[in-house]
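Enquirer: Predicted coordinates and the sequence they were generated for:
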Amino acid sequence: EDRTAMWPVALVVVLLSFGALARAGSPEGDRQALCDIMREKNPTLWTVNHYDPCNEAQPLCNKLPHYVTCDSSGTRVVSLTLESSRMNGTMPASLGNLDMLTALDLELNYLTGLPETLSQCVALRVLIVSHNRLHDLPPVFQLPRLETVDFGYNNITGRLPDSFGNLSSLITLNIAHNNFYGPLPSSLCHLASLTKLYAQDNHFEGALSEQLPQLINLNTINLMNNSLSGELTEELLTQWSSLEILNVMYNSLSGSLPHSLGALNRLRYLLLASNNFGGTIPTELGTLVHLNTMLLGRNPLVGTVPDIFSNLTNLLDVSFYGCNLEGTIPTTICHLSQASSLNLNNNRLSGTIPSCLTSTFVSHTISLSGNELTGTLPEAVSSLTILEAADNRLTGTIPESLWFSVKTLNLGRNALTGTLPQANSTVDGPDHLFLAGNRLTGTLPTALCRALSVLLEDNLFSGTIPSCLGEARNEVVNLSRNDLSGTVPLLKTLYLSTLYFFLSRDPSAKCRNLADNHLSGAINVSAFYLPNLQSCDFSQNCFDCSAETWCMCDVHRSDCAGSPDGWPTTTIVLITIAAVIGALSLLLVALVGGAVWWRRGHAGKPRFAPLDDEQQQAI
C-alpha cells in the first residue's frame, strides 16, 4: 500500500524533470538564463535599448544589446560577451540552459566559479574566463567541441588533470598565471589540433621533453616562469617544426642549445633567457630569417658572439646578457638594419666598439656594460637614444655627436678624460647622465640643468656649480668627490629626491677634516621647496652653519666653518621655540574653527529633528 501511494509523487517528479529538460533546451530556457544573469549579477547591463529578458511579452531576440547574439531564426542565444561587467560570485545554474551557445566571454570580472551545469552547453566552442578569481577548474571536460579555452590570470590551484586530453578539438589553451603545479600531463599529446599553448607563470615541473611530444601543429608555446627541467632535445624540436614563438625563459632547462633550432624556419621569437643552457651558440641560428626577437641572456654559455647576423635583417631585439661570452663584437652585427635593442652587458668581450654600431646601426639602445672593451668611443647618429658602456676600459674623450644625440648616456667607471661639451643652452644634452668614476675635468656645463639624473661623482671637475641646477628638473644629483668650489645654488626643484655634494679629491685643501672640498657659504636648501627629497649629504665641506638658513640633510658638525661645536646653541634654542609656538598656534586655530562650525550647524535647531514623511515611510 505504501508503494502504491508513492507512485503519484514519483510521476510528478518525473514530469517536472522532463519539463525542466524541455525548458533547458528551448527559447524559454534561454530567457530564464539571461533573466537570472540580469537579476543576480548586474541589472544595469540590460538597460541598453531597454532590453529586459525577464519580460515575457518582449521577444527574446528583439532589440538585443551588443553583448547578446541570437541565431538566424531569432529564437536561440548563441553568444554572450560579458567582459568587464563587474560580476562576482558564481554564475547562475540556469547558464546550462544555453545549449546552443557557441561563445561565452566572461573576461575581466570578479567571478569565483562557474556552475556544473556548464557541461550542458554542448555547442560551446569558445570559453574565455580570464582575469577573474576562479579557484577551481570549470567543468569543461564534457564539451568536446571546445576550440578555445582561456582560464588565464585566475587563482586556480592544483595539478592539470589528464581529462584535458578529452578536448580533442582544442586549438588554443591558456592557463597562464595561475597556481598549477606538477608535470604537464602526457594526455596533452592527444590534442592533435592544438596550435597555441600558454602556461607561463605557474609552478609546472619535470622534464619538458617527456611532456609535450607529438604536438606537431604547435606554433606558439609559452612556458615562461615555471620550474621545468631537462633539455630541449633535437627530437622534440624536430616535431615542433611549425613553431613561430618559443618562450621557455625563467626555468631550469639545461644542456646544450640544439643545432635543430636552425630548422625552425618559421620562428619569430626565440626566448631562452634565464635557464642553465651551456655550450656555444649554434651558428645555425643565422638561418632564421624571420626571427624578430632572440633573448639568450643569463645562461652559462661559452665561446664567442657568433658571426650569424648577415641574414637576420628582421631581428629587432637581441640579448646575450650575462652569458660569459669572450672575443670581439662581430661587425656583421651592424647588418641588423631593423634592430631596436642590442644587449651584450656582463660578458667578457674585448677589443674596441665597432664604429658601425653608432654610425650605421639604427638601434635605439646599445648595452655593452660590464665587459673588457678598450679604445675610444665612436661617433654617434641621431637614431641612438641609449648607450650603456659602463665598467669597461674605455679611454679618450666623449664625442660631441654622442653627447647631443643620446638621451641616456652611461659610461661610468672607465678611464675617460677631457671635458664635457659646453653647450650654451639647457636644451641639448642627455636626460640621464652617468659618468661616475672617470677622469673627466673642466667645469660643469649648463646642459646638466635639463637632465633628470646627473651622476658625476669620482671625477676631477672644478669650478662652481651652475646656478640653474637649483631650479631645474633634476631628480638625482651626485657631484661628490670632485674639486668643485664656490657656493651651493638655491635648491628649489620640486623633483629632487637624492642629492650629494661632498668630498674633494684634493688632500691639501684648506678645509681638510672640516670640509675636504672647496664648497662654502650658507646651505640654501629649504624643505618647502624640496618636498620629494629623500637622501641628501653636504658633509665634508666648508659651509657656514651659523647663517639664517637650515638644511634637513646630513651636515656634520666638523663641516661648519667657524663653529667647531656645530650649530650654535642660540640657533637650536630659537628653532625649538619657533616649533613649539607653531604647534600651539595650529591647535588654537583648530579649536576656534571647530567651535564656529558647531555653532553654525546647530544654532536654532532642536536637539533631535523630527523625521519627515519620506524617512518615516522608509523605516
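Expert: Thanks, I have the structure now.
Enquirer: Now do the helices in this protein.
Expert: For the chain, applying DSSP state H gives helices covering 2-24, 27-40, 234-239, 356-359, 400-405, 569-602, 613-618.
Enquirer: so where's the stretch 151-300 of the chain shaky on pLDDT?
Expert: 211 (pLDDT under 70).
Enquirer: now the stretch 301-450 of the chain
Expert: Where the stretch 301-450 of the chain drops to pLDDT under 70, the residues are 360-363, 381-382, 423-427.
Enquirer: What ranges does it have for its strands?
Expert: Ranges of strands within the stretch 301-450 of the chain are 317-319, 341-343, 365-367, 386-388, 408-410, 432-434, based on DSSP state E, counting those that start in this stretch.
Enquirer: Does anything pack onto the fifth one? Which helices or strands?
Expert: Contacts defined by 3 or more CB pairs under 8 Å, 6 or more residues apart in numbering; DSSP states H and E place strand 408-410 against strand 386-388, strand 432-434. C-beta here means a position set from N, CA and C on the backbone, and glycine is covered the same way.
Enquirer: Would you mind putting those strands into CSV with distance to residue 181 and mean neighbour count alongside?
Expert: CSV is the format used below for the helices and strands packed on strand 408-410 (distance: least, CB to CB, whole Å; neighbours: other CB atoms under 10 Å):
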stretch, distance to residue 181, mean neighbour count
strand 386-388, 38, 22
strand 432-434, 41, 21
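Enquirer: Redo those strands as JSON lines? Include distance to residue 89.
Expert: Putting the helices and strands packed on strand 408-410 into JSON lines (distance: least, CB to CB, whole Å) gives the following:
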{"stretch": "strand 386-388", "distance to residue 89": "48"}
{"stretch": "strand 432-434", "distance to residue 89": "48"}
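Enquirer: of the ones you listed, which approaches residue 233 most closely?
Expert: Nearest to residue 233 among those is strand 386-388 (36.2 Å), distances taken as CB to CB.
Enquirer: Given the closest one, what are its sheet partners and their directions?
Expert: According to DSSP bridges, strand 386-388 forms sheet pairs with strand 365-367 (parallel), strand 408-410 (parallel).
Enquirer: So which of the ones you listed is the most surrounded?
Expert: strand 408-410 (a mean of 23; mean count of other CB atoms under 10 Å).
Enquirer: hmm, who's touching that one?
Expert: The contact list for strand 408-410 (CB atoms under 8 Å, 6 or more residues apart in numbering) reads 369, 385-390, 398, 402-403, 430-435.
Enquirer: could you redo the strands paired with strand 386-388 as a markdown table and give each row distance to residue 83?
Expert: Below are the strands paired with strand 386-388 laid out as a markdown table (distance: least, CB to CB, whole Å):
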| stretch | distance to residue 83 |
| --- | --- |
| strand 365-367 | 35 |
| strand 408-410 | 39 |
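Enquirer: Minimum distance to residue 30: which of those has it?
Expert: That would be strand 365-367 among those, by CB to CB, at 54.5 Å.
Enquirer: How far away from the center of its chain is the closest one?
Expert: 20 Å (CA atoms, centre = their mean, to the nearest Å).
Enquirer: How about residues contacting it?
Expert: With CB under 8 Å, 6+ apart as the test, strand 365-367 has contacts from 321, 340-345, 357-358, 384-389.
Enquirer: Filter these down to the buried ones, PyMOL style.
Expert: Command for PyMOL, covering only those of these found buried under the criterion 16 or more other CB atoms under 10 Å:
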select buried, resi 321+341+342+343+344+345+357+358+384+385+386+387+388+389
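Enquirer: My guess is residue 199 contacts residue 222. True?
Expert: Yes. Counting by CB atoms under 8 Å, residue 222 is a contact partner of residue 199 at 6.9 Å.
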